[in-house]
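1. Predicted model follows, preceded by the sequence.
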Amino acid sequence: NAGVTQTPKFQVLKTGQSMTLQCAQDMNHEYMSWYRQDPGMGLRLIHYSVGAGITDQGEVPNGYNVSRSTTEDFPLRLLSAAPSQTSVYFCASSYSGGTGNTIYFGEGSWLTVV
Amino acid sequence: GNSVTQMEGPVTLSEEAFLTINCTYTATGYPSLFWYVQYPGEGLQLLLKATKADDKGSNKGFEATYRKETTSFHLEKGSVQVSDSAVYFCALIKAGNMLTFGGGTRLMVKP
């Protein structure tokens, strides 16, 4: 059982470039989300999805796009990378319903924008 | 809105010392509360959780009790080890399975 898989693990981008961070889960989870982690600020929610075809914005959505065409995949797109997007990105997934369900995290993607 | 406040680190302890990392939250109603741990270079792992008032979550010698009256969920361990060195995040869920995190507390345990 692979759980939540993120790729790439490390990436360096130039300002203005675009790229996609991939996230896939094999647990048939309905809920998927993307967080970014910055020093002293914990993790902040970028975008989330409660099922295929449904996405919504989180706390810090600007500069990012998402789509959810399948249950398994939830890619995060950086449209025009900026140095402020240098961060560690985590994808997460869980079953829907209730507030006690365990949330599973990927291992993170370290992104540097120069 | 929801928020979580953790004590700032780093927290530096000697092996076998007692650990407390404070966490308080702001939320309406009854959120579920979590502690996650992040070891160097790795992702987040769920350490423990509590879903209602007075529940105690425990795992690997760590404990935290959901205190509704003080809106707190402090993490404790009676005797830390070098291998406990990591960043610890307190978090809550109110609805929709989306987490609100505290800023994280780095723990360094010296032999």
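-> Nice, I can see it.
2. so what's residue B:66 up against?
-> Contacts of residue B:66 were listed using C-beta atoms under 8 Å, 6 or more residues apart in numbering or on different chains, and they are B:33, B:50-57, B:73. Every residue, glycine included, has its C-beta placed from N, CA and C.
3. Please report how far the residue lying closest to it once chain neighbours are set aside lies from residue B:71.
-> In this structure, residue B:66 finds its nearest non-sequential neighbour in residue B:50, 4.0 Å apart by C-beta to C-beta, 6 or more residues apart in numbering or on different chains. Separation of residue B:50 from residue B:71 (C-beta to C-beta, to the nearest Å) stands at 13 Å.
4. Pick out whichever of those two has more residues nearby.
-> Neighbours per residue (other C-beta atoms under 10 Å in any protein chain shown) separate residue B:50 from residue B:71, with residue B:50 holding more: 22 against 17.
5. The residue nearest to residue B:66 reaches residue B:56, doesn't it?
-> Yes. Taking contacts as C-beta atoms under 8 Å, residue B:50 lies within contact range of residue B:56: 6.7 Å.
6. Indicate the residue of chain B located nearest to chain A.
-> Residue nearest to chain A within chain B: residue B:101 (3.5 Å; C-beta to the nearest C-beta).
7. can you count the residues close to the closest residue to that residue other than its chain neighbours?
-> Excluding its sequence neighbours, the residue lying closest to residue B:101 (C-beta to C-beta, 6+ apart) is residue A:42, at 3.5 Å. As a burial measure, residue A:42 scores 23 neighbours (other C-beta under 10 Å).
8. so who does residue A:42 touch?
-> By C-beta under 8 Å, 6+ apart, the contact list for residue A:42 reads B:4, B:6, B:89, B:91, B:101-104.
9. can you rerun that using 6 Å?
-> Going by C-beta atoms under 6 Å, 6 or more residues apart in numbering or on different chains, residue A:42 touches B:89, B:101-104.
10. Could you give me the ChimeraX syntax to select whichever of the residues you listed are buried?
-> Only the buried entries of the contacts of residue A:42 go into this ChimeraX selection, using 16 or more other C-beta atoms under 10 Å in any protein chain shown:
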select /B:89,101,102,103,104
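11. what's the worst-scoring helix or strand of chain B on mean pLDDT packed up against?
-> For chain B, counting by mean pLDDT, DSSP states H and E, strand B:99-101 ranks last in confidence among helices and strands (a mean of 89). Applying 3 or more C-beta pairs under 6 Å, 6 or more residues apart in numbering or on different chains; DSSP states H and E, one finds that strand B:99-101 makes contact with strand B:86-93.
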